[in-house]
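S.K.: Give me a model of this one.
(chains A and B)
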Amino acid sequence: MSVEKIAIVEIVDITNNNTPSTALVEAERIANICNACRYCEGFCAVFPAITQRRNFNEHDLEYLANLCHNCGACYHACQYAPPHEFSINLPQTLAELRAETYQKYAWPVKLGSLFHRNGLMVAIAVVLAMILLLSSLLLFQDRTPVFTQHLGAGAFYQVISHQAMVALAGTSFGFAIIALLVSFIKFCRANTITLAHIFSNNVLVKASYAAGTLKYLDGGNGQGCHTKDQSFSNTRRYFHHAMAWGFVLCFLATSVATLFEYSLDIMSPFPVISLPVILGSLGGLGLIVGPLGLIWLKIITDPKIISIKYLGMDYAFLLLLLCISITGFLLLGFRSTSAMGMLLIIHLGFVFALFLILPYSKFVHALYRFVALLKFYHEQAATKK
Amino acid sequence: MTIPSHANVLVIGGGNAGLCAAIAAQEAGAQVVLLEHSDQQERGGNSKHTRNLRVMHNAPTATLDNSYSAQEYLDDLLKVTQGNMDQPLTEFMIEQSATLLPWLQRMGIHFQPSLSGTLSLSHTNAFFLGGGKALINAQYLTAERIGVKIFYHAEVTSIHLEDGAFKSAAVTNRGFKQTITADSVIFASGGFQANKAWMKEIWGCVADNFIIRGTPFNQGTVLKSLLAQDVASVATPEQCHAVAIDARSPKYDGGIVTRIDCISFSIVVNKNGKRFYDEGEDFWPKRYAIWGRLVAQQPEQIAYSIIDSQVTEQFMPPVFPSMQANSIEELAQLIAIEPSVLTATVTQYNNALASDKKTAQYNPKILDQCRTQGLTPEKTNWALPINKPPYYVYPLRPGITFTYLGVKVNNKAQVLMNDGTASKNMYAAGEIMAGNILGQGYCAGTGMTIGAVFGRIAGEAAACQLKK
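M.R.: Got it, this is the predicted structure:
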């Protein structure tokens, strides 16, 4: 019997009638071989999750795909990796399947697939559209404010009116939140994860800790993951921390700023020594170091273990974050000059574009990975009982 | 980079034993050249398929439970080899194994608690995080870092001795022939199981039906060259580690996943539909290494392990799906056995169970004595009736891991000559000398211990000799 014929147990497709994708069929073939081997059990959560099953349906495989952090440890340790006739490449297969889940659980699905096909192009188009939209607002008022120096409280709102800014930010961010929430619920349902599961057995705590520390990028023993060869390194983990925590700090900065304006009636721009600016600057630094480092790692990483065809959406998201941070710092640096107006428009263009793209971008990996971790810790607790 | 014409220490073979030897020698100050027959992707010999090594320890370690005394270790080896070993050398190896873990950890090898389904090994065997290939990767990275010169695609075709000492080796490197001389040499090139012609000399046509579980590069070329030049041999050529594996496995390098773990829950019949051995003799980890030989003794070297739907979840999932049928007759047709014969075998087996039902309760975790009575051969444990369809069958073939015929060594890993003297500059480690410890039989994890202990000693001794 040839290898191709191994255990392609019929894949039960619950959600639609499409034939299973190549990645899905391949993931099932590999999962069955991994389950007979189990050498990688100590690396991450994927392998203990595999050993809990004897068969793998579509949802099981999507779950495994989103548990995987693409660290490459199992590829380099695999006695069945190419040129072996079993030709096993779990990280790449799961990377492709993972990207497919981003499309499948996106809401609305059509927008998801548009972005997945042309991540970078779509991102550029959305940024340009937002900048154009913001610029067009200027048509409704005196043309001078954009190129004029503005100082003191409320300076930003002399370029873009407060109402317009709130309307645009509120709409794009509100849309992102709703779309992400729908995706989150869809993926939880597919994985049969309920609120009761999340809030029992410390599942939420364990999953949050694993997500926050990138526990499963540690190679099973703290040595980190692979990039260009068989050596281990924690570089990717550190850059990801810089980016993720930078993102969180910037989000906090915005929240604090909103609070200042609405509750304390302190209007932006805030002084350099103020909570929003300090939080935003620290976060902004993370959003420069992190994305730059991750882009560099993507360039040097062995292409065998990543999914080339979805690199566009990865780069789009990283570049967007990088541009937001750079334009943010430029705005901070030049806010008391006449360049402020244009810089504000460009910065906000990137920010609003990020909000709009968020539900279809690489950002969603955080969402699905978190659901997968919730499921993992729930299953572990259920098995122990 | 081309292979130099001379090395302080030449290591032949790039598996665990060779890498341990190369690293030990280089760290002790020698300039080491390591020749590996395979390319970079397939390097590591049989070591890439391993997952643990057996070490003595007097107290629990981070990944090993309880303790495993030298005496226990020796007893386990004496039992499986039936005393067919160099006992002083084995005792020496066991002692040396106690310091292996920290030494290997310094090479970047990580250990982990025993894998799921291997609980019975949790106090004897230290498991490599990620398995043998992860170990090999760490060893190669370490060797490269400290300056060992490693050459892939470098096949040693013959060894030239003079007066019982190593003179030079003939090497084919990417098609180019050359010779390399060395002050000392360490042979770590494995057994000869992948050499079909040699296997057929020993086994006859039976060897055509053997599947080689590991690397196709273990051709035994170096071993043969040495044994032809007055080097003393150990173990007999037909001795080897042989397990029953799935008959559908790849010809080489099938590794761990091809094993079939349901034998003790099944009945096993040969091509004639007859049972031939007690499937429930002992726990599977203690018996898996005898089944290769048992299947090899059957007509056409094939056997079939048959279970019913009651026990499908009680063993590790095999890599190839079972063949299944709703009746024994149908099942017999799938495996080309006369249906009436197989039906009779199953019926006889089921009938032999009926009388003793009350006395023993089926329990896969203990030797449950749930057995047949008056059957030849008996099944003495875990004997459940085979009567709940669907029925499943896995075809079995002998899977050869490695051969034991090797070169005789002393406790400095020095190669011994037929007159009993130790060669002054030849050392051996790993499967090529495993027969000193394992004259027959096998104990899980011993192969890697032999490789690491004698590799380390050989490397240190070879480097030390330079300074004299």
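
S.K.: Let me see the mean pLDDT of stretch A:96-104.
M.R.: Stretch A:96-104 comes out with an average pLDDT of 92.

S.K.: Just the CA coordinates for that stretch, please, in CSV.
M.R.: Extracted in CSV, the C-alpha atoms of stretch A:96-104 (Å, rounded to 0.1, in the frame of the first residue of the first chain):
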residue,chain,number,x,y,z
GLU,A,96,-1.7,26.7,5.3
LEU,A,97,-4.7,25.2,7.1
ARG,A,98,-4.5,27.9,9.7
ALA,A,99,-4.7,30.6,7.0
GLU,A,100,-7.7,28.8,5.6
THR,A,101,-9.5,28.9,8.9
TYR,A,102,-8.9,32.7,9.0
GLN,A,103,-10.9,32.9,5.7
LYS,A,104,-13.5,30.4,6.7
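
S.K.: quick one, strands of the stretch 101-250 of chain B?
M.R.: Counting by DSSP state E, counting those that start in this stretch, the stretch 101-250 of chain B has strands at residues B:111-112, B:125-128, B:149-151, B:154-162, B:165-173, B:176-187, B:211-212, B:233-234, B:240-246.

S.K.: which helices and strands sit right next to the fifth one?
M.R.: Strand B:165-173 sits against strand B:6-12, strand B:154-162, strand B:176-187, strand B:422-428, with contacts defined as 3 or more Cβ pairs under 8 Å, 6 or more residues apart in numbering or on different chains; DSSP states H and E. Where you see a C-beta, it was placed from the backbone N, CA and C, and this is true even at glycine.

S.K.: For chain B, what lies in contact range of chain A?
M.R.: With Cβ under 8 Å from any Cβ of the partner chain as the criterion, chain B meets chain A at residues B:41-42, B:48-49, B:51, B:108, B:110, B:112, B:115-117, B:127, B:129-134, B:137, B:140-141, B:248, B:250, B:253, B:255-257, B:313, B:316-321.

S.K.: List only buried entries from the residues you listed.
M.R.: Buried positions within the residues of chain B next to chain A, assessed by neighbour count (16 or more other Cβ atoms under 10 Å in any protein chain shown), are B:42, B:48-49, B:51, B:108, B:110, B:112, B:115, B:127, B:129-134, B:137, B:140-141, B:248, B:250, B:253, B:255-257, B:316-321.

S.K.: thinking again about what came up before, with mean pLDDT and mean neighbour count added, can I get the helices and strands packed on strand B:165-173 in JSON lines?
M.R.: Putting those into JSON lines (pLDDT from 0 to 100; neighbours: other Cβ atoms under 10 Å in any protein chain shown) gives the following:
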{"stretch": "strand B:6-12", "mean pLDDT": "97", "mean neighbour count": "26"}
{"stretch": "strand B:154-162", "mean pLDDT": "97", "mean neighbour count": "18"}
{"stretch": "strand B:176-187", "mean pLDDT": "97", "mean neighbour count": "21"}
{"stretch": "strand B:422-428", "mean pLDDT": "97", "mean neighbour count": "24"}
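
S.K.: How about the stretch 51-200 of chain B: which residue is closest to chain A?
M.R.: B:Gly131 (3.2 Å; Cβ to the nearest Cβ).

S.K.: Against chain B, how distant is A:Ser136?
M.R.: 57 Å (Cβ to the nearest Cβ, to the nearest Å).

S.K.: distance of that residue from A:Cys323?
M.R.: With the distance defined as Cβ to Cβ, to the nearest Å, A:Ser136 ends up 21 Å from A:Cys323.

S.K.: Which one's more surrounded, those two?
M.R.: With other Cβ atoms under 10 Å in any protein chain shown as the criterion, A:Ser136 and A:Cys323 differ in neighbour count, and A:Cys323 comes out ahead with 21 against 9.

S.K.: Tell me how many other residues surround the closest residue in space to B:Arg259 that isn't next to it in sequence.
M.R.: The shortest distance from B:Arg259 to any non-neighbouring residue, by Cβ to Cβ, 6 or more residues apart in numbering or on different chains, is to B:Ile245 (5.7 Å). When neighbours are counted by other Cβ under 10 Å, B:Ile245 registers 30.

S.K.: Quick check, B:Ile245 in contact with B:Asp261.
M.R.: No. Between B:Ile245 and B:Asp261 there is no contact under Cβ atoms under 8 Å: 10.7 Å.

S.K.: Secondary structure element for B:Gln96, which one?
M.R.: If you go by DSSP states H and E, B:Gln96 is part of helix B:87-97.

S.K.: whoops, I mixed them up, A:Ile88
M.R.: A:Ile88 belongs to no helix or strand when elements are defined using DSSP H and E.

S.K.: Does it touch A:Ala77 like I think?
M.R.: No. Contact between A:Ile88 and A:Ala77 fails when scored by Cβ under 8 Å: they sit 10.8 Å apart.

S.K.: out of those two, which sits in the busier spot?
M.R.: Here A:Ile88 and A:Ala77 are set side by side on neighbour count (other Cβ under 10 Å), and the busier one is A:Ala77, at 28 against 20.

S.K.: The more buried one: what's it in contact with?
M.R.: Each residue near A:Ala77 by Cβ atoms under 8 Å, 6 or more residues apart in numbering or on different chains is listed here: A:Tyr39, A:Cys40, A:Phe43, B:Gly130, B:Gly131, B:Lys133, B:Ala134, B:Asn137.

S.K.: So which of the residues you listed are in helices?
M.R.: Residues from the contacts of A:Ala77 lying in helices, with DSSP state H as the criterion: B:Lys133, B:Ala134, B:Asn137.

S.K.: shaky segments in chain A?
M.R.: Low-confidence segments of chain A, defined by pLDDT under 70, are located at A:1-18, A:140-145, A:385.

S.K.: my bad, should have said the stretch 1-150 of chain B
M.R.: Residues of the stretch 1-150 of chain B that meet the criterion pLDDT under 70 lie in B:117, B:119.

S.K.: residue boundaries of the helices in it?
M.R.: B:16-27, B:70-81, B:87-97, B:100-105, B:132-146 (DSSP state H, counting those that start in this stretch).

S.K.: Okay, and the beta partners of the residue nearest to B:Thr401 when sequence neighbours are not counted?
M.R.: In space, not counting the residues next to it along the chain, B:Thr401 is nearest to B:His241; the distance is 3.9 Å by Cβ to Cβ, 6+ apart. The partner list for B:His241 in beta bridges (DSSP bridges) reads B:Phe402.

S.K.: how many neighbours does B:His241 have?
M.R.: 26.

S.K.: List the contacts of it.
M.R.: With contacts defined as Cβ under 8 Å, 6+ apart, B:His241 is in contact with B:Ala289, B:Gly292, B:Ile400, B:Thr401, B:Phe402, B:Tyr404, B:Leu438, B:Tyr442, B:Gly447.

S.K.: Among these, which are located in strands?
M.R.: Among the contacts of B:His241, the members falling in strands are B:Ile400, B:Thr401, B:Phe402 (criterion: DSSP state E).

S.K.: which residue sits closest to the first one in space, ignoring its chain neighbours?
M.R.: Right, the one you point to is B:Ile400. Spatially, and ignoring its direct neighbours in sequence, B:Ile400 is nearest to B:Gln193 (4.7 Å; Cβ to Cβ, 6+ apart).

S.K.: Kind regards, and thank you for your time.
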